[in-house]
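Q: Coordinates for the following, if possible.
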Amino acid sequence: MGTDIGTAGDAQVVRRWPNSARSVPRARRELLDTLAEWKLTDLEDTAVLVLSELVTNAVTHAGSPRGREIETRFCRLSDGRLRIEVHDAGDHRPVLRRAADTDEGGRGLLLVDAVTAHQWGVSSRGGVGKLVWAVCAPPS
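A: Below is the predicted model of the structure:
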């Protein structure tokens with residue numbers, strides 16, 4: 001389980017996770033529990049895919065110093081959408097790219113871009129590193 005570092009009412013859940021592949025399924029479980037509590041289960045498929053990609057990227061590519069944690073934030077927006085943020089200590093900023101047919105990876109952000117209707121980005125944060133965010137909307 002991640003470390004709870006505070007919430008803002010029932011509209012935000014913030015957790016810290018070890019920089020480890022084992023954190024990916026734990027973060028997904030936390031997200032599913034949060035969506036159920038907020039009665040946003042119609043966002044499950046999209047939100048789990050987005051979170052899985054962003055946390056996996058943070059674990060794999062962030063190059064965070066040993067002992068640094070990854071932070072997830074789930075923010076319930078007033079219009080029924082969900083903002084997912086993944087914070088890490090790495091300087092590498094992800095960019096959309098086209099993977100070659102022979103590449104084994106490199107398609108995750110294309111999926112995030114598609115399922116969020118281009119509602120994602122990378123921002124600076126206080127201290128070292130970056131945050132990658134995405135907004136998931138209910139199916140129309």
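
Q: Buried residues in the host helix or strand of residue 16, which are they?
A: Secondary structure from DSSP states H and E places residue 16 in strand 12-18. The neighbour-count check on strand 12-18 (16 or more other CB atoms under 10 Å) flags 13, 14, 15, 17 as buried. (Glycine included, C-beta is placed from N, CA and C.)

Q: which neighbours does it have in its sheet, and in what orientation?
A: Using DSSP bridges, the strands paired with strand 12-18 in its sheet are strand 3-7 (antiparallel), strand 69-76 (antiparallel).

Q: which one of the ones you listed has the lowest average pLDDT?
A: Ranked by mean pLDDT, the strands paired with strand 12-18 end with strand 3-7 in last place, scoring a mean of 42.

Q: next one: phi and psi at the residue lying closest to residue 28 once chain neighbours are set aside?
A: Ranked by CB to CB, 6 or more residues apart in numbering and with sequence neighbours excluded, the top spatial neighbour of residue 28 is residue 48, at 5.5 Å. Note on residue 48: backbone dihedrals following degrees, to the nearest 10 are phi -70, psi -40.

Q: check contacts around residue 48.
A: Residue 48 sits next to 28, 31, 32 when contact means CB atoms under 8 Å, 6 or more residues apart in numbering.

Q: check which helix or strand covers the last one.
A: In other words, residue 32. Going by DSSP H and E, residue 32 is in helix 23-37.

Q: Tell me what angle that helix forms with strand 69-76.
A: Interaxial angle, helix 23-37 versus strand 69-76 (axes from the mean of the first three to the mean of the last three CA atoms, to 10 degrees): 20 degrees.

Q: Let me see the contact set for residue 70.
A: Counting by CB under 8 Å, 6+ apart, residue 70 touches 16-19, 23, 55, 58-59, 62, 64, 86-88.

Q: out of the residues you listed, who has the most neighbours?
A: Comparing the contacts of residue 70 by number of neighbours (other CB atoms under 10 Å), residue 58 comes first, having 30 neighbours.

Q: Let me see the mean pLDDT of the helix or strand containing it.
A: Assessed by DSSP H and E, residue 58 sits inside helix 44-61. Helix 44-61 carries an average pLDDT of 94.
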